[in-house]
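Engineer: turn this into a model:
(chains A and B)
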Amino acid sequence: MSNFISNISLGLETALSFNSLLFCFIGVTVGTIVGVLPGVGPLAAISLALPMTYYVDPTSALIMLAGIFYGTQYGGSTASILLNLPGTATSAVTCLDGYPLARQGKAGLALFVTAITSFVGSSFAILLVMGFAPIIAEFALRFGAPDYFSVMILGLVAASTLSVGSPLKGLAMVSFGLALGLVGTDVNTGLFRFTFGSFELSDGLSLVAVAMGLFGVAEILSNIGITRSTSLSAKDITFRSMMPNRNEWRQVWRPTARGTIVGSIVGALPGTGPGIASFMAYALEKRIAKDPSRFGRGAIEGISSPEAANNASVQAAFIPTLSFGIPGDAVMAVLLGAMLIHGITPGPSFIANEPAMFWGLVMSFWVGNILLLVLNIPLIGLWVRLLTIPYHLLYPAVLVFICIGVYSSSNSVFDIFVVLIFGIIGYIMRKFEYPAAPVLLGFILGPLLEENFRRSLLLAGGDMTVFVTEPISLVFLLMTLAFLAVSFLPGLKKAFMSGGE
Amino acid sequence: MNKDHQVPSQINRPELTAALGLAVLGALVVLEGGSYPLGSLTRPGPGFVPVVLGSLIILLALAVAFDVRKSDSPRPDFGWRPLLAVTTGILAFALLVTPLGFIPATVALVMLSGCGETRPRILQLAGVAIFMALFGYLMFIKGLGVPLDAVTGYR
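Structural biologist: Numbering: from 1, shown residues only, chains lettered A, B, ... in the order given. Predicted coordinates:
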């Protein structure tokens, strides 16, 4: 216990230092802006910020990148409620009841409720991170190469099959990502693979370039030409209009609690992101509601539960990322990539070796979430005004950021071509509904997966059964099979997603 | 997943083409991967994982192809204009940024990619171009020290 308290004070010391506060503030502010603006996703924003973090110390860099991630979850609901356009993919569910609420003149109330429930969801999940991540990491320290291999397989399979859409396409995209991870120098032999004689590829494809192409450029390409109404007035949203009355408070708190729990569980599973969490929370509310027909017409439960869930899942996703080194979703994968760039190896020994960084990061979550509450309640008018920037002026500016950002990460023009190629690939993938997040996850985990696979075989003397004879590895592989069964047997999937439509 | 109960008679050609394209990609991974030493199970070489992975891509792509062969998803409608505008914009930036400098490259990128909208507002775009050129110069070249000329010969 005294250990726990000393850890917390160590974390506070880091999180409350001037640098950390500054970068936390920058992170959550950028996150809110990105979340509010439809057509600029959190992944694009984090990849954009990635090159800038080369200039600061790793702790500040992580604090800022994490702030962008959870900040977007707060901002994402604003455009959903006011414009019926999700600011981020995860707040798509919030459109269903948030926009009808706004049409009934309750936009202020809806914005207030999403800010508060987001805060509640986040807070609970941060407590879970503080309690569980160190314990899980200690357990994971006993992992051998086969166990690592299997837990990564579990993460990849869960991430690609549990999302919305075809699980087969998801699996195909994870494999595509894994193949992209092959490009570069083979760790074991030093041989150049898939470089096709190109010197620039000897270090592998650049994470920043791949992510910005798949998520930044592809997102822009699919958003150009969509007309949006911008007849909005920030004046309508007064502080008074935001305050729920007693009855509304009572309607909100139970769904918030349920959403928090759903989100925490979903987020803590490796491979599942906030999108699934908010979707499941919404489905649950609708299922247990006395009058399900209210949903879609401005039910306040329909926004409070998913908003709590997506924020809880975003924070809980740090549990597998920081304790196993296995990212829960694509954003976490980029964050993991950022740690690797800074020379920090995420994984079980991270918490023990870098206590100041781990606890500093976790305590900065508190700082960031409190800042977000301030940014999203009193300052909401500022963000609403941001929504009036027309997209046809916004996207060329974002493209400039993408180009100069990717250039600055390597000082080479080569990566700009990589961005363009992946932008086009990503656009085609969207059109055919092949998910892009699994590609990134596979790309980042690929080298780790291969290394552990080859090491396992080496240690086992070529015996392939090592993956099922090692008990921990077997458990993960069985869980993987369960995920596959859930996604390929239609009846099971229906039960799992419990009547979402 | 399988939509056999609806039995649309038409073959969904675009979806099928996309899936088979992926299978071709898998085949290329197998071919290229096979050119590196495969090693043995005791000591897997650099070609081992690529061959396994490429085969997996082929299998999954074929499974997708089977799954979508008669799916009723509509022919995807590509925004050729945005695609062309953004592509030329990014290419212009990449090709101009070293010989001419950051500011001309930025102006080219904004003006070209801005034409992705059916009725580009040239004056407004010019405003964005000037703003981004100056803002980007101050932030990236002055602020972060990115080694680029603002305009050739002037940093």
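
Engineer: show me where pLDDT drops low in the chain?
Structural biologist: Using chain A. Confidence mapping of chain A against pLDDT under 70 gives the ranges A:1, A:163-164, A:227-236, A:271-272, A:490-501.

Engineer: that's the wrong chain, I wanted chain B
Structural biologist: B:1-9.

Engineer: which residue ranges of it form helices?
Structural biologist: B:13-34, B:48-68, B:80-96, B:102-114, B:122-136 (DSSP state H).

Engineer: now render those as a markdown table, adding distance to residue A:362 and mean neighbour count.
Structural biologist: Placement of C-beta: from N, CA and C, glycine included. Output for the helices of chain B, formatted as a markdown table (distance: least, CB to CB, whole Å; neighbours: other CB atoms under 10 Å in any protein chain shown):
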| stretch | distance to residue A:362 | mean neighbour count |
| --- | --- | --- |
| helix B:13-34 | 40 | 18 |
| helix B:48-68 | 35 | 21 |
| helix B:80-96 | 39 | 19 |
| helix B:102-114 | 39 | 25 |
| helix B:122-136 | 34 | 17 |
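
Engineer: name the element the residue nearest the centre of chain A belongs to?
Structural biologist: With distances taken as CA atoms, centre = their mean, residue A:331 lies nearest the centre of chain A, 4.1 Å away. If you go by DSSP states H and E, residue A:331 is part of helix A:330-341.

Engineer: give me the contact list for that helix.
Structural biologist: In this structure, residues lying in contact with helix A:330-341 by CB atoms under 8 Å, 6 or more residues apart in numbering or on different chains are A:42-43, A:46-47, A:50, A:53-54, A:58, A:61-62, A:65-66, A:69, A:159, A:207, A:211, A:215, A:273, A:317-318, A:320-321, A:325, A:327, A:345-346, A:436-438, A:440-441, A:443-445.

Engineer: just the buried members of those?
Structural biologist: With burial judged by 16 or more other CB atoms under 10 Å in any protein chain shown, the buried subset of the contacts of helix A:330-341 is A:42-43, A:46-47, A:50, A:53, A:58, A:61-62, A:65-66, A:69, A:159, A:207, A:211, A:215, A:273, A:317-318, A:320-321, A:325, A:327, A:346, A:436-438, A:440-441, A:443-445.

Engineer: ok, now how distant is the residue of chain B most remote from its centre from residue B:55?
Structural biologist: Computed with CA atoms, centre = their mean, the residue of chain B farthest from its C-alpha average is residue B:42, at 38.1 Å. Per CB to CB, to the nearest Å, residue B:42 is found 21 Å from residue B:55.

Engineer: ok, back up a step: ok, which of the helices of chain B comes nearest residue A:126?
Structural biologist: Closest to residue A:126 of those is helix B:122-136 (CB to CB; 35.0 Å).

Engineer: that closest one close to chain A?
Structural biologist: Yes. Applying CB under 8 Å from any CB of the partner chain, one finds helix B:122-136 in contact with chain A at B:124-125, B:128-129, B:131-132, B:136.

Engineer: contacts for that helix?
Structural biologist: Residues contacting helix B:122-136 (CB under 8 Å, 6+ apart): A:392-393, A:396-397, A:400-401, A:404, B:102-103, B:106-107, B:110-111, B:114.

Engineer: swap in stretch A:95-110?
Structural biologist: A:77, A:80-86, A:114, A:236-238, A:240-244, A:248, A:282, A:295-303.

Engineer: which of those fall within helices?
Structural biologist: Among those, the ones falling in helices (DSSP H) are A:77, A:80-83, A:114, A:240-242, A:248, A:282, A:301-303.

Engineer: which among these gets closest to chain B?
Structural biologist: residue A:83 (18.4 Å; CB to the nearest CB).

Engineer: and that closest one, how many neighbours does it have?
Structural biologist: By the criterion of other CB atoms under 10 Å in any protein chain shown, residue A:83 has 21 neighbours.

Engineer: among the contacts of stretch A:95-110, the buried ones, what's the PyMOL command?
Structural biologist: The following PyMOL line selects those of the contacts of stretch A:95-110 that are buried, judged by 16+ other CB under 10 Å:
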select buried, chain A and resi 77+80+81+82+83+84+85+86+114+237+242+244+282+295+298+299+300+301+302+303
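
Engineer: which of the contacts of stretch A:95-110 come close to chain B?
Structural biologist: Restricting those to those near chain B - CB under 8 Å from any CB - leaves none.

Engineer: residue contacts, residue A:123?
Structural biologist: A:366, A:369.

Engineer: if I look at it, how far off is residue A:335?
Structural biologist: 20 Å.

Engineer: can you give me phi and psi for the residue farthest from the centre of chain B?
Structural biologist: Residue B:42 has phi and psi values of phi -70, psi -30 when expressed as degrees, to the nearest 10.

Engineer: in contact with it, which residues are there?
Structural biologist: Counted by CB under 8 Å, 6+ apart, residue B:42 has contacts A:457-458, A:461-462.

Engineer: if we use 6 Å, what do you get?
Structural biologist: By CB atoms under 6 Å, 6 or more residues apart in numbering or on different chains, the contact list for residue B:42 reads A:461-462.

Engineer: surely residue A:420 and residue B:90 touch.
Structural biologist: Yes. If you go by CB atoms under 6 Å, residue A:420 and residue B:90 touch, sitting 4.7 Å apart.

Engineer: interface residues of chain B facing chain A?
Structural biologist: Listed as neighbours of chain A in chain B under the rule CB under 6 Å from any CB of the partner chain: B:18, B:29, B:41-42, B:44, B:46, B:49-50, B:53, B:56-57, B:60-61, B:63-64, B:67, B:76, B:82, B:86, B:90, B:93-94, B:106, B:109-110, B:113-114, B:116-117, B:124, B:128, B:132, B:136, B:140, B:146-147.

Engineer: what's the most distant pair in the ones in helices among the contacts of stretch A:95-110?
Structural biologist: Greatest spatial distance in the ones in helices among the contacts of stretch A:95-110: A:240 and A:282, 28.7 Å, computed using CB to CB.

Engineer: contact residues of the stretch 51-200 of chain A facing chain B?
Structural biologist: Within the stretch 51-200 of chain A, the residues that sit near chain B (CB under 6 Å from any CB) are A:168-169, A:171-172, A:175, A:178-179, A:182, A:186, A:189, A:191, A:193.
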